[in-house]
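# Let me see the structure of the following:
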Amino acid sequence: MDATSLTSIAVYSHALAAVCFFVLGVPMLAGWRARPYGAALAAACLFTSLWAGLLAWAAWREELWSVASDAAGILRNAAWMLFLGLLAGRVRDPHSRLPLRLRKGTALAALGFIALFGMAVLGRWDLAHSGLGLVPVTLRVGLAIAGLLLVEQVYRSRSLQERWAVKFACLGIGAMFAYDFYLFSHAMLFREIDPDIWAARGVVNALSVPLLVVALGRSKLWESPLAVSRRAMFHSTALFGSAIYLLAMGSAGYYLRFFGGSWGVVMQVAFLFVALVVLVGVLFSGSFRARLKVFISKHFYSYNYDYREEWLRFTRTLSEPGPGLGERVIEAVAALVESPGGVLWQRRESGRFEPAAHWQAPAASSSEPADSAFCQFLESSQWVIDVQEFAQTPDKYDALVLPEWLAGYPRAWLVVPLILHARLFGFVLLQTSRSPMELNWEVIDLLEIAGSQAASQLAQQDAANALTVARQFESFNRMSTFVVHDLKNLVAQLSLMNANAARHKDNPEFQADMLETIDLSVQKMKLLLQKLSRTTNQEKPAVLAIEDVVRQAVALKGAFEPHPQLRIEARGLRVLAERERLERVVGHLIQNAIEATPRTGSVTVRVAESAAGGVVEIVDTGEGMSEEFIRERLFKPFDSTKSAGMGIGVFESREYINELGGSLEVSSSPGRGTTFRVALPLYRQEARQNSQQETQQASKAA
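Here you go, the predicted model:
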């Protein structure tokens, strides 16, 4: 390998170490007051970052070291030894008379480092200028040995429980000193610095950073003030591993180019291309990502899950708009255990659990009775069943009996019950996870809570669907009620006509009225039948003359006594409405007035105009109504004082008049008759044209 290749590797190697220690040291420096040894650890990380950065700069200039890097190296060693001394409790002595109550050994070590720092500043620490003499190399070897001894003392001075917290810190710091010992002992033996070993020094130091991060997570004495999320740790680990991989592959590529002769360049390019393809394939592998997540959760965190992130993701998946809630439930639950797919069963009205959805898994066709031993076990115990564990140790699940179809399902792994109000609402069968996962109490509890949340979402969807169907039936029943009410009025007209036929059958006027009434009744019945058909379109609003509609309604009631009298005081009044419905409203009010008035009384229908629009008044001299009755019962649906009444005529009339933008007013008193006043907004061509022009102008302006 030529000198240029070595210097390039040294630049990247030491630059990587500088960045890693800087990222670790800055958060420690921000909160050093909250930790007893935080300042020492922050100083050690930042001095190491400075030292590695200066070595990378020297390598960029094709030099192995410089005066600045030598001085920074002294500070680096001093800071790490100070940190180790603090952990070992060998820095201060309460009975010491020295400044800061330092131990004698600590004071001597401080004086020694000051002397070494002075040598470095004066250029006496530079191995090149010293001809790789015995003293500089020996001192470097001695510093490495001293660092290893301090690491050993820190580890041995701790109890068994404390060693769990500091062992990764000792391993990381000890690795740095051990590599220094190897580097300088090799130089002492061969009287020269090996460029390859020197270039790899930065990578070795950078590899100690993850070990220090693990130690930070375990120790409460120098805990980091920043909480690193699992997502950031996952991407950082993947990026760091990719960098190490590319660095190793680059070194191998340079080796192939150096020893490949005339094929060296071709071999290098082909090798680097294959290495890059392998890296991309690994990074996009679902199994690799799952295994990396499990590894990070096991070795970097005390809990397996970041519950805030997991619950947000779970809720976000269930709340996505659109159909397919069953598939989203499976996806959300499967993501908690890195399962690639599954099937959902739900309880149906038939009393069986039937397959409702499947996600990235074969569809299931087998159903399970709700009273089976399998479903009863899930409902009573609410356990998550590990199918593979049950096959090995069935005693753990008491009297559980798995159905035959479950044993034949491919890659069946977990059965997660969906419990709602202590009742089994459904269950999810998950396939084997992409990476091996230990099902401890934390995973089981999370799956059970997620199953309950999923059951709530599914139950809410079922309730919404049932409500929609109920509203459809309610709408149909309401329409049927109105139709029955109209049929009742038609039957009353025909019955009255039949009763008067024997007395007035020879009267030509009666015969003409009878034929007209029968013809209109037949037409109305046809319209009612059309309304009951869902395939028939509803009548569209049209411009109607109010006097024509009222005249038609009065004509239909002409056979009744007292005969209604029509008075038209304003002509040419027009309204935009459905003719059939408006005529039915006016006819119903006239019919009520006739039924409430004795034969000797009178019913008058008046068409007039007011400032609010067109007015239709129905005035009778009948029994009248009290204010309490008008307020509490008149407009209440399905409340009638008639033995054969439906109680919806006045309610329907007011609803349609309000729909047209008008109003229905009632004035009455017992024994003095009643007045119904219908106010309707008039249709004016000029106002409509102006409104259309304003709408068009607004659209153009927008």
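
# Okay, strands next: where are they in the protein?
342-347, 352-359, 368-369, 385-386, 412-420, 423-431, 542-545, 565-568, 574-577, 603-610, 613-620, 663-668, 674-680 (DSSP state E).

# who does the third one pair up with?
For strand 368-369, the pairing partners within the sheet under DSSP bridges are strand 352-359 (antiparallel).

# Give me the angle between the partner strand and strand 342-347.
150 degrees (axes from the mean of the first three to the mean of the last three CA atoms, to 10 degrees).

# For residue 110, which non-adjacent residue is spatially closest?
Spatially, and ignoring its direct neighbours in sequence, residue 110 is nearest to residue 102 (7.4 Å; CB to CB, 6 or more residues apart in numbering). (Each C-beta comes from the backbone N, C-alpha and C, glycine too.)

# and if you look at residue 358?
residue 343 is the one closest to residue 358 (CB to CB, 6+ apart), at 4.5 Å.

# Next one: the one you found relative to residue 359, how far apart?
8 Å (CB to CB, to the nearest Å).

# Also residue 581?
Taking CB to CB, one finds residue 581 at 50 Å from residue 359.

# ok, back up a step: anything in contact with each of residue 343 and residue 359?
Shared contacts of residue 343 and residue 359 (CB atoms under 8 Å, 6 or more residues apart in numbering): residue 330.

# Neighbours of the residue nearest to residue 110, how many?
18 (other CB atoms under 10 Å).

# can you tell me how far it sits from residue 85?
Using CB to CB, residue 102 is found at 10 Å from residue 85.

# picking that back up, would you quantify the distance from the residue nearest to residue 110 to residue 146?
17 Å.

# Now do stretch 668-685: distance to the chain's middle.
Its chain's C-alpha centre lies 56 Å from the corresponding centre of stretch 668-685 when counted by CA atoms, centre = their mean, to the nearest Å.

# Likewise for stretch 187-197?
With CA atoms, centre = their mean, you get 58 Å for stretch 187-197.

# and if you look at stretch 607-618?
57 Å.

# Over to stretch 616-632?
Worked out by CA atoms, centre = their mean, stretch 616-632 lies 58 Å from the chain centre.

# contacts for it?
By CB under 8 Å, 6+ apart, stretch 616-632 touches 546, 550, 586, 589-590, 593-594, 596-598, 601-608, 634, 666, 668-678, 680.

# if we go to 6 Å?
Contact with stretch 616-632 is made by 550, 589-590, 593, 596-597, 601-607, 666, 668-678, as judged by CB atoms under 6 Å, 6 or more residues apart in numbering.

# Going through those, which ones are buried?
By neighbour count, with 16 or more other CB atoms under 10 Å, the contacts of stretch 616-632 hold 550, 589-590, 593, 596-597, 601-607, 666, 668, 673-678 as buried.

# related to what we said a few turns ago, in JSON lines, list the strands of the chain along with distance to residue 170 and mean pLDDT.
Shown next, in JSON lines, are those (distance: least, CB to CB, whole Å; pLDDT from 0 to 100):
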{"stretch": "strand 342-347", "distance to residue 170": "44", "mean pLDDT": "92"}
{"stretch": "strand 352-359", "distance to residue 170": "47", "mean pLDDT": "90"}
{"stretch": "strand 368-369", "distance to residue 170": "56", "mean pLDDT": "90"}
{"stretch": "strand 385-386", "distance to residue 170": "38", "mean pLDDT": "88"}
{"stretch": "strand 412-420", "distance to residue 170": "40", "mean pLDDT": "92"}
{"stretch": "strand 423-431", "distance to residue 170": "41", "mean pLDDT": "92"}
{"stretch": "strand 542-545", "distance to residue 170": "92", "mean pLDDT": "90"}
{"stretch": "strand 565-568", "distance to residue 170": "107", "mean pLDDT": "91"}
{"stretch": "strand 574-577", "distance to residue 170": "89", "mean pLDDT": "91"}
{"stretch": "strand 603-610", "distance to residue 170": "98", "mean pLDDT": "92"}
{"stretch": "strand 613-620", "distance to residue 170": "93", "mean pLDDT": "92"}
{"stretch": "strand 663-668", "distance to residue 170": "88", "mean pLDDT": "90"}
{"stretch": "strand 674-680", "distance to residue 170": "92", "mean pLDDT": "92"}
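
# and these as TSV, adding distance to residue 507?
Shown next, in TSV, are those (distance: least, CB to CB, whole Å):
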stretch	distance to residue 507
strand 342-347	70
strand 352-359	70
strand 368-369	74
strand 385-386	88
strand 412-420	73
strand 423-431	73
strand 542-545	31
strand 565-568	20
strand 574-577	36
strand 603-610	22
strand 613-620	26
strand 663-668	35
strand 674-680	32
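
# Quick one: closest of the ones you listed to residue 331.
strand 352-359 (5.3 Å; CB to CB).

# ok, the residue nearest to residue 358 to residue 670 distance?
Residue 343 is 70 Å from residue 670, by CB to CB.

# now residue 201
109 Å.

# same deal with residue 13?
For residue 13, the distance to residue 670 - CB to CB - is 105 Å.

# same question, residue 169
97 Å.

# what do you get for residue 63?
115 Å.

# do residue 105 as well
Counting by CB to CB, the gap from residue 105 to residue 670 is 114 Å.

# May I see the buried residues of stretch 164-178?
Taking 16+ other CB under 10 Å as the criterion, stretch 164-178 shows 165-178 as buried.

# With only the CA atoms kept, save stretch 615-623 in PDB.
C-alpha atoms of stretch 615-623 as PDB (Å, rounded to 0.1, in the frame of the first residue of the first chain):
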ATOM      1  CA  VAL A 615     -99.800  33.600   2.800                       C
ATOM      2  CA  VAL A 616    -102.300  30.800   3.000                       C
ATOM      3  CA  GLU A 617    -104.700  30.900   5.900                       C
ATOM      4  CA  ILE A 618    -107.100  28.100   6.900                       C
ATOM      5  CA  VAL A 619    -109.700  29.500   9.400                       C
ATOM      6  CA  ASP A 620    -112.300  27.400  11.000                       C
ATOM      7  CA  THR A 621    -115.000  27.900  13.600                       C
ATOM      8  CA  GLY A 622    -114.500  24.600  15.300                       C
ATOM      9  CA  GLU A 623    -113.600  23.400  18.800                       C
END
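
# in that stretch, what counts as buried?
Those would be 615, 616, 617, 618, 619, 620, 621, 622, 623, for stretch 615-623 by 16+ other CB under 10 Å.

# residues in contact with stretch 46-58?
Contacts with stretch 46-58, where a contact means CB under 6 Å, 6+ apart, come from 11, 14-15, 17-18, 21-22, 25, 65-66, 68-69, 72-73, 75-76, 79, 202.

# repeat that with 8 Å
So stretch 46-58 is contacted by 10-15, 17-22, 25-26, 29, 64-66, 68-69, 72-73, 75-76, 78-80, 201-202, 205 (CB under 8 Å, 6+ apart).

# Could you give me the ChimeraX syntax to select whichever of the residues you listed are buried?
In ChimeraX, a selection of the buried entries from the contacts of stretch 46-58 looks like this (16+ other CB under 10 Å):
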select :10,11,12,13,14,15,17,18,19,20,21,22,25,64,65,66,68,69,72,73,75,76,78,79,80,201,202,205
